[in-house]
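Sequence and predicted structure below; questions after.
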Amino acid sequence: MNSIQIRQAFLDFFSSKQHFIANSAPMVIKNDPTLMFTNAGMNQFKDIFLGNSPTTHLRVANTQKCLRVSGKHNDLEEVGHDTYHHTMFEMLGNWSFGDYFKKEAIAWAWELLTEVYGLEKDRLYVTVFGGDKADGLDPDNEAFKFWKEIVSEDRILYGSKKDNFWEMGETGPCGPCSEIHIDLRDENERREVAGKDLVNQGHPQVVEIWNLVFIQFNRLNSGELKSLPAKHVDTGMGFERLCMALQGKKSNYDTDVFQPYIQKLSEMTGIAYGSGKMTDVAMRVVSDHLRAVAFAIADGELPSNNKAGYVIRRILRRAIRYGYTFLEFREPFVHKLLPVMVENMGKAFPEIAAQQDLISRVIAEEEATFLRTLSVGIHKFEQYLAAHSHQKLVDGQFAFELFDTYGFPIDLTRLMAREQGWDVDMEGFAAGMEAQKTRSRAAASIETGDWVEVKSAAAETRFLGYDQMEAEVELIKYRQVSSKGKTYYQLVLDQTPFYAESGGQVGDRGVLQSGEVTIEVIDTQKENNLVVHIAERIPHPMPSRFFARVDEAKRQQTANNHTATHLLHAALRMVLGPHVQQKGSLVNEERLRFDFSHFAKLTAEEIEKVEAIVNARIRENIIQEEHREMDMAEAQKMGAMALFGEKYGDKVRVISFDKNFSTELCGGTHVHSTGQIGLFRIVSEGAIAAGIRRIEAITGAEAEKYVNARLKELEAVRALLRAPKDTVHAVEQLLEQNESLRKKLDAAQKDQAGQLVEEMAAKAEKLDGVNFIGQLVEMDAKMAKDLAYAIKNKVNNLFLVLGHVAEGKPGIVVMISENLVKERKLHAGNIVRSLAAHIQGGGGGQPFFATAGGKNPAGLDKVISEARKLLA
RNA sequence: GGGGAAUUAGCUCAGUUGGCUAGAGCGUUUGGCUGGCAGCCAAGAGGUCAUCGGUUCGAGCCCGAUAUUCUCCA
């Protein structure tokens, strides 16, 4: 079976068992501070297990794209060096939400592995939970019983709490699990050591392939376990590993999941896979990382310099680094593997095929950027070697600077140093790294006080803001937060009209009133699904009931901009095409910012067209149509624009302005009818990354202000030009005239200066074979300097002293011909310094030219006479 | 969120305790030579040294702020 068939067989099998086949959730997670990427199949069902939301299907199965870059068993720097770790992988899983339990889960897992996939039964072992005294848990005899019905007893092993009891976190749903392991060793090896002795012993060929979790408890804060009324099944099977088992390979990278990339790399480099340790590692690294990066970009996460985007950049750069060092690539190459990926995964993951062009461009651009970074680093490194040629040791501080400031990887520094017979002070490097980490941690620390619980509340804050701007609310809890010397307070309410920042729309401001007491809310944010109102000051004592009022003007303008964003999105798709997809947005009361995929600069005509469409829609005064609780499927039927893969089971809110024009999934606040927006103007358009463009625009009063300011500006220009018929032409003429006048003036000035130079040169006195000129002139320092240089070109054997005054400030310029400097050991700098004493000033310069400035113009005569004495 | 850096000609970059009327290569223009592969030679144009402010006799260089970009850490 090839990997495509293996994946499909899994889905078909559970479909035949009445499972709903869900889409893979996005690999990139938004709005969860604890998790940046989906790292397990169950992530998207977390709320169902927690009891926060109901499920629409009792049985679900899917393949889930996952990303792991850190954790106890998965350090990014290790991936590729062995044959089984990955950053991005697929997790096959089936779930029961309060429906079937251990019996079916076990029976179906066995049926799929042995009958559908045809794995040899005598290579399989299963483990069940062996009980735990501290938790007062008995062994999972139930699971044992069901297993015994299908496999011989000597293949069932009891496992520890560490291996066979699964918990989501410190608290929450948990339960025993049962794992299926497979022994993939040769016959010989199997005869020597029994497979059952190697289960869970870290042997690379005796591995777990499927974990069946039986969620039957809830762990409380006290540590106590409580039985759950509804029991769930949560299973996970690593797809890449399954392929290895089914295809009889010794390594995940030998399966057809990875081989196509490796073969392509081999073809590109002329290096056979298996011909060298490090070239093999590099090929594994590149093929693994390509998959991770491509999926992340498809989910809208671009390589960038912070957070999730930075993780993606690091992964991609690691791939480039290995390619650069071990495969000798000097040009962007990773993106060239993308067509291979589309061929292999495009069907199961349509987002990859649909966005191939974008992904390829983004990767290629990032590759080019990084190769530039590398060449800058190499340059710096070479400069360092040249400057420190005596020591043969690269200072740790410098190695760290290369890494920290120029992004130059430390292993490349070591490699290049070794090639020159140098060493790198790694301790110094580590010390720099440690100092950096300490600094960051100190800066990141925020002190949060304990929550003051005012009233107990079960559910999350109810949001009223779609319908009202004011409400009676009750305080649930509040606390003080300090960071960097600033103190503020967070307040949680039972219900609120305040919109918390999300989906690009900023949070509401407003006030909370209780009698005479007013709390000013300066922002509203979401923290772990908790709506927190932020205030700089709170009263003592704290009232428990408030009348909440949102700042309506700000909200109104924000709504203008948010609705305009939707209209803009739709208009862009009309004008540019359906490849336009939202890649980010920001909406506040002043303006809107919209990032979208598109490959070229918008022409002036395109921008005009987009603006015209949006403004026409505004004038049509289209009434908002809102569906607050809609199923995903229904929303899609309506043609709602959304990124690939929303979370399964979510009810979504759909906003449309003319169903045939703009229909989007959106939680934000909008105008009731588009006429409120008034006017829409695009103020800037530009690129922010390869294939991504950004438009900034304004609406309503802001747009009016903008247009008026422009008109006023134009009027002012016209008035200055005496209101010509054709303003542009008039300005062009003016510029032409100006240019020709400037040239004439230049010539005239040169002429004049030439005359002055002639005059001055004529005043030269022969003193001891030297042409001495000492003159007082009315000009500023810049002109005197120019004059001195001009005279120097005219007169040889020159010793020139100019005393100049401008705006009451005296200065001295001394110029001496180079031959005199040499022959007579004269130094203009020293001379000017002594002369400057007469005008109460100071100065200096080079041997042939120097300047000084002072306070006493009356001393200039003395300066000239003293200068003459120097030659006499 | 915090640290470090960069910004000089159309492009890639030099510019050394502040002394500079700011340079190189590539590109470009003009002229000449030349049967070709990055042709050769000569001459020229092209810079508010990111912006604003400060220190100084003098700032591309030092100091402060701003903007943009890069980079590391969280």
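Done, it's in. From a predicted model like this one, the values you see are computed outputs, not experimental measurements. Residues are numbered from 1 along each chain as shown, chains lettered A, B, ... in the order given.

count of neighbours near residue A:401?
By the measure other C-beta atoms under 10 Å, the count of residues near residue A:401 is 16. To be clear about C-beta, it is placed using only N, CA and C from the backbone, and glycine gets the same treatment.

Would you enumerate the residues in contact with residue A:253?
The neighbours of residue A:253, taking C-beta atoms under 8 Å, 6 or more residues apart in numbering as the test, are A:83, A:259, A:262, A:284, A:287.

possible to save these as a markdown table with pLDDT and distance to RNA strand B?
Listed next are the contacts of residue A:253 as a markdown table, based on pLDDT from 0 to 100; distance: C-beta to the nearest atom of the strand, whole Å:
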| residue | pLDDT | distance to RNA strand B |
| --- | --- | --- |
| A:83 | 85 | 26 |
| A:259 | 96 | 30 |
| A:262 | 96 | 26 |
| A:284 | 94 | 21 |
| A:287 | 94 | 22 |
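
so residue A:812 sits right up against residue A:800, yeah?
No - applying C-beta atoms under 8 Å, one finds residue A:812 not in contact with residue A:800, separated by 10.7 Å.

Smallest gap between chain A and RNA strand B, at which residue?
Using C-beta to the nearest atom of the strand, the closest approach of chain A to RNA strand B is made by residue A:789 at 1.7 Å.

neighbours around that residue, how many?
13.

Excluding covalently adjacent residues, which one is nearest to it?
In space, residue A:789 comes closest to residue A:815 once its chain neighbours are excluded; the distance is 7.4 Å by C-beta to C-beta, 6 or more residues apart in numbering.

Next: residue A:757.
residue A:790 (4.7 Å).

And for residue A:801?
Residue A:801 sits nearest to residue A:867 (C-beta to C-beta, 6+ apart), 4.2 Å away.

same check, this time on residue A:82
residue A:204 (7.4 Å).

Please apply the same query to residue A:78.
Nearest residue to residue A:78, sequence neighbours excluded (C-beta to C-beta, 6+ apart): residue A:85, at 5.9 Å.

So that neighbour sits against residue A:77, correct?
No - taking contacts as C-beta under 8 Å, residue A:85 lies outside contact range of residue A:77: 10.5 Å.

Determine which member of these two has the greater number of neighbouring residues.
Of the pair residue A:85 and residue A:77, residue A:85 is the one with more neighbours under other C-beta under 10 Å, namely 18 against 9.

what about that one, is that helix, strand or coil?
coil (DSSP: H, G, I helix; E, B strand; the rest coil).

And it, its phi and psi?
phi -90, psi 150 (degrees, to the nearest 10).

Now do it against residue A:253, distance only.
From residue A:85 across to residue A:253, the span is 10 Å (C-beta to C-beta, to the nearest Å).

Over to residue A:433?
Distance, residue A:433 to residue A:253, by C-beta to C-beta: 31 Å.

Could you give the number of residues near the residue nearest to residue A:62 when sequence neighbours are not counted?
Excluding the flanking residues, the one nearest residue A:62 by C-beta to C-beta, 6+ apart is residue A:22, at 4.3 Å. Residues near residue A:22, counting by other C-beta under 10 Å, number 22.

how much space between the most centrally placed residue in chain A and residue A:421?
Geometric centre of chain A, nearest residue: residue A:309, 3.0 Å, by C-alpha atoms, centre = their mean. To residue A:421, residue A:309 is 39 Å away according to C-beta to C-beta.

cool, and residue A:7?
51 Å.

So between the two, which is more surrounded?
Between residue A:7 and residue A:421, counted using other C-beta under 10 Å, residue A:7 has the larger neighbour count: 21 against 7.

Got phi/psi on the more buried one?
The phi/psi pair for residue A:7 (degrees, to the nearest 10) reads phi -60, psi -50.

got a pLDDT number for it?
pLDDT for residue A:7: 95.

pretty sure it contacts residue A:240?
No - using C-beta under 8 Å, residue A:7 makes no contact with residue A:240, being 10.8 Å away.

list the residues that contact both of these two?
In contact with both residue A:7 and residue A:240: residue A:90, using C-beta under 8 Å, 6+ apart.

Where does the residue nearest to residue A:789 fall, secondary structure wise?
Here residue A:815 sits within strand A:809-816, counting by DSSP states H and E.

got any ranges where the stretch 651-800 of chain A has weak pLDDT?
Where the stretch 651-800 of chain A drops to pLDDT under 70, the residues are A:689-690, A:732, A:735-747, A:749-750.

Show me which helix or strand of chain A is least confident by mean pLDDT.
When each helix and strand of chain A is scored by mean pLDDT, DSSP states H and E, strand A:447-448 comes last, with a mean of 67.

Give the other helices and strands that the helix or strand following that strand contacts.
Going down the chain from strand A:447-448, the next helix or strand is strand A:452-453, by DSSP H and E. For strand A:452-453, the packing partners by 3 or more C-beta pairs under 8 Å, 6 or more residues apart in numbering; DSSP states H and E come out as strand A:470-483.

Note down every partner strand of the strand it packs on and its orientation.
strand A:447-448 (antiparallel), strand A:452-453 (antiparallel), strand A:486-493 (antiparallel), strand A:545-550 (antiparallel) (DSSP bridges).

Isn't the residue nearest to residue A:82 up against residue A:183?
No - Residue A:204 lies out of contact with residue A:183 (C-beta under 8 Å); the separation is 11.5 Å.

When those two are compared, which one has more neighbours?
Shown here are residue A:204 and residue A:183; by other C-beta under 10 Å, residue A:183 has more neighbours (22 against 12).

Need the phi and psi values for that one.
According to degrees, to the nearest 10, residue A:183 has phi -100, psi 110.

Let me know the pLDDT of the closest residue to it other than its chain neighbours.
For residue A:183, ignoring the flanking residues on the chain, the nearest one in space by C-beta to C-beta, 6+ apart is residue A:195 at 3.6 Å. Listed pLDDT for residue A:195 reads 88.

Which strand or helix spans the closest residue to residue A:58 other than its chain neighbours?
Leaving out its chain neighbours, the residue that sits closest to residue A:58 by C-beta to C-beta, 6+ apart is residue A:99, at 3.9 Å. Under DSSP H and E, no helix or strand contains residue A:99.

what about residue A:99, neighbour count?
Neighbours of residue A:99 (other C-beta under 10 Å): 18.

now the one 5 residues further on
The number of residues packed around residue A:104, counting by other C-beta under 10 Å, is 16.
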